[in-house]
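Trainee: Sequence and computational prediction follow.
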Amino acid sequence: MATPPMAPAPTPAPTVEPETRRAVRPEPTAAGLRRLRRLRRRRALVGWGFAAPFTVLFVAFMALPVLASLAMSVTDMRSTDLRNPFAVEFVGARNFVRLFGDELFHRAAVNTAIFVVVGVPLTIVAGLAAASGLNSGLIRFRSLFRVGFYLPVVTSIVAIAVVWRFLLDPQAGPVNNLLRLLGVDGPNWLANPTTALPSITVLAVWRNFGFLMVIFLAGLQAIPAHLYEAARLDGAGRWQQFRYVTLPMLRPTLLFGAVVTGIGYLQLFEEPFVMTQGGPLSSTLSVSYHIYNQFGFGNYGYAAAASWVLFVAIVGLSVLQFRLLRARD
Amino acid sequence: MRMYRRLAAVATVAVTALALTACGRDSGGGADDARPVGEGKATGEITVWAMGTEGEKLEAFAQDFTKENPDAKVTVTAIPWDAAHQKIASAIAGKQTPDVSMIGTTWMGEFAKTGALDPTPPGLIDSSTFFEGAWNTTVVDGTSYGVPWYVETRLIYYRKDLAQQAGVTAPTSWDELKDFARAMKEKAGAQWGISLQPGGTGSWQSFLPFAWSNGAEIVRDGKFTLDSPEMVEALGYYQSFFTDGLSPSDLAPGALETGFVDGSIGAFISGPWHGGILAEQGGAAFADKWAVAPMPRKKSATSFVGGSDLAVFKDAKNRDGAWKFVAWLSRPDVQVKWYQTVKDLPAVKKAWEDSTLSGDPFLKTFGEQLDDAKSPPAIATWEQLAAAIDGEVEKVCKAGTSPAEALKAAQEKATGIGTGA
Amino acid sequence: MGGTDMLRRRDRLARAVLYAVLLAGLVVVVAPFVWMVLSSFKPEGEIRRVPPTWWPETFTLDNYARLFSQLDFPRYFLNSVLVAGLITVGNLVFCSAVGYALAKLRFAGRQVLFATVLGTLMVPGMVTFVPQFVLVSQLGLVNTYAGLVLPFLAGPFGVFLMRQYLLSIPDDLIEAARVDGAGELRIFWRVVLPLCGPALATLGILTFLSSWNSFLWPLVVATTEDKYTLPVALALFSVGQHRTSFGLLLAGAVVVVLPVLVVFLVLQRQFLRGIATTGLK
């Protein structure tokens, strides 16, 4: 998962506050209209006053490069054009057409899709399980567990790679040794094209469930205790309480977790980069990794086009999960 | 809502305008002219970028240059190998290049094509003083854009003691290499006779020497020849080590050295840096147990030559001083002294006559191999092409794809990628 | 009576199982970190061994000695502190201001601004890298602290986080202050910001973490070594063309992680409260 801070989910657009509605309804007199315009102007001044420093920096260092990269994606720009970036050919949608015919991109897209579809629910389940366990009132030293479960975020990826490679080592690794005790001959997890992606998925889940655990913990603590009491009086066991009280109350939080994790997982890069270099046989090649390779080859226009396709996927997934949230409200 | 539409419209117009103002390419730029460099001593500040240990040690080393050219000053910025390619590319884009930079041999094609590199001045440096394979890494479209600085090449590292036990000596031909590997496995108890890289990043460096030794070429007369019969035969030979169970197809990182030291791997192919690694991992007692041998012969006994070149940028503020510094670093005596400082193998042939190099059997073998070592074509698209070759080699070694099929696919991909000319 | 006894026994069993599972999870989760710290005290050969060792067979401070002697450590550390510190403070100030404006003030164009910021958040980072660098060079900011800091001084993530959090602040407080005649700036500074503790702590930690560990941008923007930050300097000394010096790399990783851990432990409670609250919105 990418290291830059994960974005919390976009919330539904705020409903128009009553004051705005009041203000927008025009007063029938000319003086009233003048007052309205003055009010609007004053508001704009204040609002943009607060937003100005940010907006200037943002337009300069964010918006302009974004537009430039959009332009890049419709040209045939290569690294050899770096000294004369405007001396490139406009190729329209050709990069995108090539992209959809690229077998490596297909593979990367499929890998990423599988990873997201499998990894997001797994991470949520793991986070929820850990949070429920810590919240059940049976455990002390909650702080210790909380900090501990956070450490993967700050551990060097190099150290993570070494330890996990050892864990999954077919001869010496504990995983296969455990399987051997049960009489099963474990595969070479990272070198087998069928098991490599699942192994990376498990690694990513392990690395990221701590973040979700914390969010769910807070969500669980916000559920009023009397609901549980009422359920217990009705004769509900622990599992039924979970199903009929916890889960429904936790829905907004769960969806938040899904969106955040989804956005991050769509940009999967570090884990395959360090553990398997996209292999074996491109079975762990992700879209972000493919883009990284293309930038490395100097195919700037093509890579920009691929990045924008990934952007569309990210927006699409967010909107989808968005809709699910709104539908339930 | 009106706001949204208005902004969207503005944005679309802006993007389209930006895209359409793209003037398009010049068809056919003229060949770069190599301009001569002035006589006399170097003056002024010379800014140099270098990676890794070279970057760390060069500034102190350059004090000898300042002694000979008292009005000149050499400032070296060390840059990490990690993302060095990205740094140089960005510097070219932002027009923030130094006077001189160290550039990996396989990057020369791409950077020369950006037009950022200055062609080597005539009369300053004699190309025949360098190993041919090394010099060729600087030649793009017939013009030389820099000078080799140091080189590395690949040899067969093998367990001397296990070979003795198996009753074999260092292999000198393809058949002998096969028998050697088999003997290591069957008679000396090794699990793997020889470890070859089964595809993946950089595997072309292991495979191409065999292709070159069989007379195959990547590019001939401007056209790709990846599916030539010689190439197919070489890949078939390479694959046979895996199908015969002589080479592992899924070795974990770090397992190579561990396996070589404990005798489960009988041999492998690598460059001079492994000498140091083996000394570290095996300790002093291990030093007598291994040796290096040149690549085995088919039509020739060719290996891969890599290393780094030195290039001067067109936008250099001190072009004169920069080239003089580069020329100084290419002097045989300076190359020897540089070897003694950083243990980089000299790119200049004469430097190898020095006893520090010719007296050491380990290094001497590398020096001899350098006389017959090739580099991949210095084309702008090499990185992408190499990745395509790596992918096909992986399919051949791990998935059992037939060499002919794999190379046909590679040829198609190569034609699609082009030479970036 | 029998019923409560059974309940207590079941509880105790459940507790034991839970502890066991959580502890196992904790061990798995903490293991690489522990390995990283322990291995920074091992010699190179032992670090590379397969299978890896846990407790150092040969304990050595050599890696740290080399790290501090070969690297001009104080310089790079200060650069990192300066850059990460400035970016963090900048984000706290600018993003809270914009977040407040987007959440509580009504002005023309605020939906557009928010949508644009949100959209930028979803753009994959790699694609804007080269255009950003070209821009910075055109502005003459290469190899300057300004060039290292300015592009990240106001990030879309911070804006989003602050806006979400600020939405939950009751309007009546602000209205009351307005009625009392307080100016907008005063309201923001005196009334709103003090309520933002958890969100500010969250934004502070996350921004510090990512800017402290940032590698590619400082590498490309700095053209002389005196502007290198710690991650760049560490890569310089540990990653070679053909081999990585794992000892230096791990020692460096431990050194780099310490300030982050300190910041995290200090602000931990605020941070966890903050993430949770913004998450629930």
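Mentor: Received, thanks. Bear in mind that the values here come from a model prediction, so they are computed numbers and not experimental data. Numbers count the residues shown, from 1 in each chain, chains lettered A, B, ... in the order given.
Trainee: Relative to chain A, how far out is the residue lying closest to residue B:245 once chain neighbours are set aside?
Mentor: Spatial nearest neighbour of residue B:245, excluding adjacent residues (Cβ to Cβ, 6 or more residues apart in numbering or on different chains): residue B:185 at 7.7 Å. For every residue, glycine as well, the C-beta is placed using N, CA and C. According to Cβ to the nearest Cβ, to the nearest Å, residue B:185 and chain A sit 18 Å apart.
Trainee: can you list the residues of the stretch 151-300 of chain B near chain A?
Mentor: Contacts of the stretch 151-300 of chain B with chain A, taken as Cβ under 8 Å from any Cβ of the partner chain, map to B:199, B:200, B:201, B:249, B:250, B:252, B:253.
Trainee: In three-state terms, label the spatially most central residue of chain B for me.
Mentor: Per Cα atoms, centre = their mean, the C-alpha nearest to the average position across chain B is that of residue B:306, at 2.9 Å. Classification of residue B:306 by DSSP: H, G, I helix; E, B strand; the rest coil places it in strand.
Trainee: shaky segments in chain B?
Mentor: B:1-24, B:26-31 (pLDDT under 70).
Trainee: Quick one: name the residues of it near chain C.
Mentor: Near chain C, when you scan chain B using Cβ under 8 Å from any Cβ, you find B:3-4, B:7, B:51-53, B:55-56, B:75, B:77-83, B:86-87, B:89-91, B:93-96, B:98, B:104, B:152, B:252, B:254-255, B:257-258, B:271, B:273, B:277, B:280-281, B:283.
Trainee: which ones are touching the residue nearest to the centre of chain B?
Mentor: B:104, B:105, B:106, B:151, B:152, B:153, B:205, B:271, B:375 (Cβ atoms under 8 Å, 6 or more residues apart in numbering or on different chains).
Trainee: Same check on residue B:295?
Mentor: Contacts of residue B:295 by Cβ under 8 Å, 6+ apart are B:154, B:155, B:156, B:209, B:213, B:269, B:301, B:302, B:303, B:369.
Trainee: For PyMOL, write a command that selects the buried ones of the residues of chain B next to chain C.
Mentor: Buried members of the residues of chain B next to chain C, defined by 16 or more other Cβ atoms under 10 Å in any protein chain shown, are picked up in PyMOL with:
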select buried, chain B and resi 7+51+52+53+55+56+77+78+79+80+81+82+83+86+87+89+90+91+93+94+96+98+104+152+252+254+255+257+258+271+277+280+281
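Trainee: okay if I get the contacts of residue B:306 as TSV plus secondary structure?
Mentor: As requested, these are exported to TSV (three-state DSSP):
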residue	secondary structure
B:104	strand
B:105	helix
B:106	helix
B:151	strand
B:152	strand
B:153	strand
B:205	helix
B:271	coil
B:375	coil
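Trainee: how much space between residue B:132 and chain A?
Mentor: 26 Å.
Trainee: Also residue B:385?
Mentor: In terms of Cβ to the nearest Cβ, residue B:385 sits 9 Å off from chain A.
Trainee: Now do the contacts for that residue.
Mentor: So residue B:385 contacts B:218, B:379, B:413, B:414, B:417 (Cβ under 8 Å, 6+ apart).
Trainee: Using a markdown table, lay out those together with distance to residue A:164, secondary structure and neighbour count.
Mentor: Compiled in a markdown table, the contacts of residue B:385 are given as follows (distance: Cβ to Cβ, whole Å; DSSP: H, G, I helix; E, B strand; the rest coil; neighbours: other Cβ atoms under 10 Å in any protein chain shown):
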| residue | distance to residue A:164 | secondary structure | neighbour count |
| --- | --- | --- | --- |
| B:218 | 37 | coil | 23 |
| B:379 | 38 | coil | 24 |
| B:413 | 33 | helix | 20 |
| B:414 | 36 | helix | 23 |
| B:417 | 34 | helix | 19 |
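Trainee: how about a markdown table for these, with distance to residue C:105 added?
Mentor: What follows is the contacts of residue B:385, written out as a markdown table (distance: Cβ to Cβ, whole Å):
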| residue | distance to residue C:105 |
| --- | --- |
| B:218 | 64 |
| B:379 | 57 |
| B:413 | 56 |
| B:414 | 59 |
| B:417 | 54 |
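Trainee: Closest one of the residues you listed to residue A:172?
Mentor: Lowest distance from residue A:172 to those (Cβ to Cβ) belongs to residue B:413, with 37.8 Å.
Trainee: Let's verify the closest residue to the closest one other than its chain neighbours: helix, strand, or coil?
Mentor: Distances taken as Cβ to Cβ, 6+ apart place residue B:388 nearest to residue B:413, at 4.3 Å, with adjacent residues excluded. Of the three states, residue B:388 takes helix under three-state DSSP.
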